[in-house]
Every structure is written in structure tokens, then in C-alpha cells.
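>>> A predicted structure for the sequence below; I have some questions about it.
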Amino acid sequence: MSDYAIELTGINKSFGPVRANHDINLAIERGTIHGIIGENGAGKSTLMSILYGFYQADSGEIKVNGKKITIADSQVAIAAGIGMVHQHFMLVENFSVLENIILGAEGGSILNSAIDGARGELERLEEEYGLTVDPDAIIEDLPVGIQQRVEILKALYRGAEILILDEPTGVLTPAEADHLFRILNQLKDQGKTIVLITHKLREIMAVTDNVSVMRQGTMVATRKTAETNVGDLAELMVGRRVLLQVDKGDANPQDVKLAIENLTVKDSRGVTMVKDASFEVRAGEIVGIAGVAGNGQSELLKAISGIQKAESGRILLDGEPIGVTGNADPKLLRHRGMVHVPEDRHHMGLVLPFEEYENSILGYHDDEAYLNGPMLNIAAIRADADRKIEQYDIRPPNNRLKTSNFSGGNQQKIVLAREMERDPVVLLVGQPTRGVDVGAIEFIHKRIIEMRDAGKAVLLVSVELDEIRSLSDRVLVMFAGEIVGERSPETSEGDLGLLMAGINNEAAA
Amino acid sequence: MNNELPRWVDYGLIPIFNLAVAFLVSGLVVLFVGENPIDAAILLVRGSFGYGEGIGFTLFHATNFIFTGLAVAVAFHCGLFNIGGEGQAYIGGLGVVVVVLALDRYMPWWVTFPIAIAFSAIFGALWALIPAWLQASRGSHVVITTIMFNFIASSLMVWLLVGWLKPQGSMAPQTRTFEEGGQIPKMDWLFDLFGAKLGGAPLNLSFLVALIAAFLVWVLVWRTRFGYELRTMGTNPTAAIYAGIPPVKTVVITMLISGGLAGMMALNPVMGEQTRMELDFVAGAGFVGIAVALMGRSHPVGIVLAAILFGMLYQGGAELAFDMPNISRDMIIVIQGLVILFAGALEHMFRPALVNFFGILSMGSKKSAGETV
């Protein structure tokens, strides 16, 4: 038998023009914990979906335990001993633990014998791996950490020898995460092979034996964890791309226009997403918020723009508080000069089935310039849309075209034109160049700097470190909902990367 | 992926295609019961459009369906599925009766009529208010609550008709017959213009009210600020919240408008035809409205056309059942069901094939403009 549990050779996978996986080679030793790390969109999840049979590779070879196999669907993967614990659990909330574990392996239309058999098997597994769970508890009553344990047990019950965990700590508290790592080590000692997908460097260092780094669909390196360090990995992960050249003069910061004081935001499940954040943005400066996606930046932006209610804290816009814990009305905030280019233009910034001109007034549709009493002044709206189309070079220049038919870059320009042309006091920008073609990136960056030079206070949230570094005058780093430090944009990528992984060198020194 | 179709295909070819298939299958059904489908089709069309009285009946039925179809469409643009048109129309009838019973002896019809229009709309709207509020603030789904309210409306009206609205001594659960001041004039003048005879057909001025309502719905949805908000809400609720559109208010007002339109349907049968309120006068028009809105793509023009089609099925079907003994009244309902099935439920059956077809046709020419991300 081969020493490798999994060998992937020359895996390619494209979605339309996007190459999600490009010529991937990966060998995972049996009985080890192998980390796969990379930024969002680097192709980690696609690769694992290929391994688990959700997608078919366009080309390439998969060997499990030295045997070449074709994984047509997840049934084949399970039969080959591969189990997967998804980022979003695949559990039936109102079923008991036992019922969830036999789901898909009921073995007949009468459940009694399967349940009895499963109970015995479950007790054995729990004992063997120290994974204690009450088999009769209802899933929705269990804490997230235990739910995850059920997912692991589910995989083991099906005889998984190779366990893939996709971003397993995203929803866990630090204590739960530590417990998970202990379980993983135990599983390893029992001879299981574990693949851990994550973007958190610290987890890789804490628990893996080997680590592979992915960037933009390619596998850039595989290292023994003991022979590498966080700095190296951060560099491999972020890459040594040349900075986008942006002509930018010195900032001339004036009065504080936006002040955040001790802001705490929880999501609908009650998980704290932003923890006690405080900072200021002055007129004439760009403050960048760096961080790995999912560390609270989205919630911060939503709370400031009045879309999401905050738990506690204060936000001052131009010295005046906004009702951040009560009913902060996005409409009112717009009137007070806070404009918002949202992170997700498809779901928030635009109504894709609308015609372009209709989107050019979204949020400003109660502006008198666009109205005739209760009626829309279509002629005025279209004239205004045409003016913006020309100014922002939106192509094709047709205000009657459905918004979904514009390219990503042009869709983003529609949003930018709408928000920036309001002469705001504060400009909130989230992921301004996500999914935007290279040509438009430069234009968008230039416009953001022009806004700064015109004396606007700009708050920029981006997961692109290059973008943060080249645009910002000050960089704040967010990790696990907290602002963990402020740096100048000249700070090296490695240092910022460490901070983004929650490791504060200055504090340690 | 681009699944756009030219407008004329989307709004013209696909409905005609669906309709043709529905009639083809209906033809098989007619064949199966031993009648000639071509003769049946000719009878159907001649019965509904062949002579003045037939046309009058067709448009009379269509009037009901325009109102209920518009009601469904307005809610649909806001992402709400109001299937309570039946109950809202029924309660709308109560509004009509309240006005007419009070005024018909003292006022001419042209005074009673506008007030009755307003009251039918208000009563229908109020019947939609509770489901609307429950949906907007408590998350109870309007599909469930509106259908429940249909049953409540039905029981309530039986109780009112039997216990309160029925004249003393009468055995029939219906109001007294309205005086002239409570009757909407028939539209024989229009038919006289073309040298046709309206005859006994109950086509009345509420048909014109329905057409005006259709135009106003178009203005509301596509030309007003509120219409913009309700469409944003219906297409992308996240974007609506981002844009500061108040969700509760938008949902409630939309449902009030929807209920009001359904309520106005009562004018046609109550004041226009029966000149009294009878038990179950809505007779399923609220539900036909759903099919009409689906087939008409929730656009007022489409709704008017679809309503006339269903009016034709009602009227022509009645004639067909009369002339062809093998085709019973139930068989007509089967045919109507097939039209609903193909035009509504299976609306997307032929779409993918047509998208492919037109995609291949326009491959070269649209490349630059049609790209999506």
C-alpha cells in the first residue's frame, strides 16, 4: 500500500472563464494532519469539492490509498473512505443526534434495527475517540461545537479514514476550536488522515504536520509545518504581486467626520461579530480596514451604514450621533451625507433585473430632482443616468439595459457613480474591486483618491491587502471582530499578514 | 449565462406557444369523449366572439378577471403571493351593498356608482390588512393567511346574508333587488355603434372601470416612487433595506392596493349583473385571477388579454356544453384547467429550448453587449 492517503495529479477545473483549479498536484501522507491554506477564492473549496465528488475535474488524476479512482459523486467518495465536515453543517436541526447519524445509511424502511445498531456503534466511536455526545439530544438544542462533533461522528460512522474539514473553526469560539484540535490529534493517533482547510495561519501552525498553500487556483508550495513559519506562509499566501501603481499625494487630514466608539455588533445567532471597536476617520484621509474575510468587517460596515443594528456603542457622523443601536435609518444617513458602496453589489448595491437607470437612483429615489410629486420623473432620471454613464465611462452606454447584463466592473461603476456623485461627507467603500476587471480597478482606485483629495472622509474595507496598502493613509487590522492594531500603509505585507492572523508582534515584544 | 429573450418572444411567442399546446391537449380530450375537436373549437370561438351577445358575456366575465388578475399582479411585484382575492372580492361586495342599500332609492346611479367603487375598494383592502400586517411584522406567510381569510369571508358573508341582509320573509339568502339608482348601466350603446346587439349580456360600465384600473396599475408600478419601492422590495429585499425602503410599510400598502383591486371586482356581478348580492357571487374569479396574472406576466396589458381569454373560455365553454351533449360543463373546466396548467404552471417548460434557440441565433451579433458576469 502506498504511503499516501490521497494523491492528486494535474487537477484542472474551470467555471466558464474562471480557472478555479489550475494543474494542482497534491500528496497527503497517511496518518497526518495536512493543512490547505489560501485566501478566499484561491480554489481550496473547489479542490475539496472535486475530492468529495460534488464537482468533476476537467482533467487530472485522483488516487486514494494508491488506487486510481473516479469520484463521480459523494457516494463514491464515502465508499472510498472519505468523509467531509462542511463549513455549514449538513444536519437536520429537529432530528436527534442518532437520527442524523443514520441519515443516508438507514438500511431499510423500518428504522428500529438501524437505530439500535447505530446506538451501539456510536457508543463504540465515542469511546474510541473521546467524542462524547448525547445520542438522543436534538441538534438545534446543541451548541455549535457539539454539532460539529456530530458531523465528525457522522463521517466516522460511515467508515471514513480520510476526514476533510472545511473552515471548521469559522463558527467556533476559541475554546471550542482548541477542543476540536485535540480531537483531530486523537483521530490522527488512531491512524486517520485529516485534511484541514482554513485561512487562519495560527491553526495551521498549531495542528498540522504538513501544509500546502494555494493562491489564485494554483498550488504554490507544500511545506513541513515544523520547517516553516507564519511569516513565510503569509507571504506565500498573499503572494509577491507588484503593488498596483496608484498616484497618490500626501493626505491632508482635517476634522473628524466619522467616529466609532466601543461598537459591538452581534449577528442573528448571537455570535459577536464586532467587538468593542473604536476608531476615527477624518476628512481628507482614507482609513483602510484590513483583515481576512469573515473577521467582522462586513458587520462593521453594515452597522455604520445603518443596515444592521448594533448591540452597543456609539457612532458620530460629523459630530452628531446616529441611532446605531436603535433604528438607524439608511435613508436618513444618506441625507446626512453618509454614502455607502456595499461589499456585495449583487445582493445589496443593485437590483440586477432592473434597467440601469433604475439602479442609478437606488436609495436616492426620494430625491426631488427625480420626482414629480409621487411620480418618477423618468426623463430627469434617464438624463442623470446618461450623465453618470459618460462621466464614469460605463459600458455599454445604454441606460435601458438590464443591469445584470453589465460586466462586474461596469456594475461597480454604476454603484460608485450613484454614491460618489452625492457630494458626501463620509464615503464607506466595501471591496471596491471584488470581481472587477483589471481595467476598471485603476479607475476605481483613482476615483477613491479623488474623493479623499476633495476632503471626504473615506473608510475602505477590503480583503485585498495590496488595495489597502496602496490606497489607505492609515491601516486598521481586524481580527475576530476586534481592531487588533493600527499600522502605516508602508508596513510590510508580512507584518500586516501576521496581524491579520491575530498575532501582534508589537504587543508580544 | 445569458437567458434573456427578445421581448416579443417573452411576451408574445411564449404565451401563444403555451396556449397552442393547451388547446392541442384539450383537442385530444375532446377527441377522447367522441366529439370532433375542430368543430368544438369553432363552436367555442363562435360562442364567445361570433355575435354581440356572446361578446358581451365574454367581456363581462373578463371584467371580473381583470380586477382579480391586477390584484394578484400588484402583490406579485412586491414579492407577495396574494391568493386571497376570492375573499377580498367577497367582502368588497359588502362595501357595494352598504352603499347601494343606503342610496339607491334617493340617488341616481352616477352618484351611487363612484361611492360604491370607493367602498368596494376600501372593504377589499381592509380584508387584506390583517394578513398584510401579519406578514410584514410577524412573518406569517400571506399565502397561508390570505387563503384562511377566504374561508372566514365566506362564513361571514353567509351569516350576514342570512341573518341581516336578507329582506324579511324572503327564503333566499340574498339582498333585495337594487332600484335603478343602484344599477350600473349596460354598455349597449357601444354595441349599437358597431351595429351589434348586446342582448341579454350583462356587460356594464365596470368593464371601463377595469380598463382604467389596469392603466392606473401600470402607472403605479412603473411610474411612481412607491411602485419603484415595491418592485425593489419584490426583486431584492436586501437592496431595499440598503436603500432605506421601509419593509413593513411597503408590504402593508401593497397588500391594501391588492385587496382594493380584488374588492372592486364585486361591482361587476353585484351592481352590474344581478343587481342584488347573492351567495358566492365571486364564484372562483379570485382564483382565476392568479392564472390570469401568471399568464399575463403581471403586466396590465397581458392581464387584460389573458382575462379576455378566460372570459372566452367561460362564455364559449358554456355554449359548447350546450351544443355538444358529450361535452359537459365539467369538461369545460378540464379545458380551463389545461390552459392554466400550460400557461401558468408549465410556463417555463418551453423556455429553455427557446432560450437556446435564440441564443444560437444571436450568438455573433450580441457578444459585446450581452455579456454577463
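Thanks, I have the structure now. Numbering: from 1, shown residues only, chains lettered A, B, ... in the order given.
>>> so residue A:188 makes contact with residue A:30?
No. Between residue A:188 and residue A:30 there is no contact under Cβ atoms under 8 Å: 10.2 Å. Placement of C-beta: from N, CA and C, glycine included.
>>> count the residues that sit near the residue of the stretch 101-250 of chain B found nearest chain A.
Residue of the stretch 101-250 of chain B nearest chain A, by Cβ to the nearest Cβ: residue B:244 (2.7 Å). By other Cβ atoms under 10 Å in any protein chain shown, the residues close to residue B:244 number 22.
>>> list the contacts of the nearest residue to it once chain neighbours are set aside.
In this structure, residue B:244 finds its nearest non-sequential neighbour in residue A:331, 2.7 Å apart by Cβ to Cβ, 6 or more residues apart in numbering or on different chains. By Cβ atoms under 8 Å, 6 or more residues apart in numbering or on different chains, the contact list for residue A:331 reads A:363, A:366, B:243-245.
>>> for these, which one is nearest residue A:417?
Checking the contacts of residue A:331 against residue A:417 with Cβ to Cβ, the nearest one is residue A:363 at 12.7 Å.
>>> and of the contacts of residue A:331, the nearest to residue B:154?
The nearest one, if we look at the contacts of residue A:331 relative to residue B:154 and count by Cβ to Cβ, is residue B:245, at 35.0 Å.
>>> dihedrals phi and psi, the closest one?
phi -80, psi 120 (degrees, to the nearest 10).
>>> confirm the residue nearest to residue B:244 sits in a helix?
Yes. Applying DSSP: H, G, I helix; E, B strand; the rest coil, one finds residue A:331 inside a helix.
>>> who in the stretch 401-509 of chain A is up against chain B?
Listed as neighbours of chain B in the stretch 401-509 of chain A under the rule Cβ under 8 Å from any Cβ of the partner chain: A:401-402, A:404-405, A:407-408, A:411, A:435.
>>> ranking these by neighbours, who comes first?
residue A:411 (26 neighbours).
>>> pretty sure that residue sits in a strand.
No. If the criterion is three-state DSSP, then residue A:411 is helix and not within a strand.
>>> name the nearest residue to it, sequence neighbours excluded.
Nearest one to residue A:411, counting by Cβ to Cβ, 6+ apart, is residue A:345 at 5.6 Å.
>>> what's the pLDDT at residue 267?
You didn't pick a chain, so chain A it is. At residue A:267, the model reports a pLDDT of 82.
>>> oops, chain B please
97.
>>> show me what contacts it?
B:92, B:96, B:113, B:116-117, B:120, B:184, B:206, B:209.
>>> helices - which of those residues land there?
B:92, B:96, B:113, B:116-117, B:120, B:206, B:209 (DSSP state H).
>>> buried ones among those?
B:92, B:96, B:113, B:116-117, B:120, B:206, B:209 (16 or more other Cβ atoms under 10 Å in any protein chain shown).
>>> which of those residues sit farthest apart?
The most distant members of those, if one measures by Cβ to Cβ, are B:92 and B:113, lying 14.3 Å apart.
>>> quick one: the helices in the stretch 151-300 of chain A?
For the stretch 151-300 of chain A, the helices defined by DSSP state H, counting those that start in this stretch cover A:174-189, A:201-207, A:230-238, A:297-304.
>>> quick one: closest of the ones you listed to chain B.
helix A:297-304 (9.1 Å).
>>> what mean pLDDT does that closest one get?
Here the average pLDDT along helix A:297-304 is 92.
>>> any idea how far it is from the chain center?
Mean-position distance between helix A:297-304 and its chain equals 14 Å (Cα atoms, centre = their mean, to the nearest Å).
>>> what does it contact?
A:258, A:260, A:263, A:265, A:267, A:273-274, A:277, A:289, A:291, A:308-310, A:315, A:324, A:338, A:340, A:342-343, A:428, A:430, A:459, A:461, A:463, A:478, A:481.
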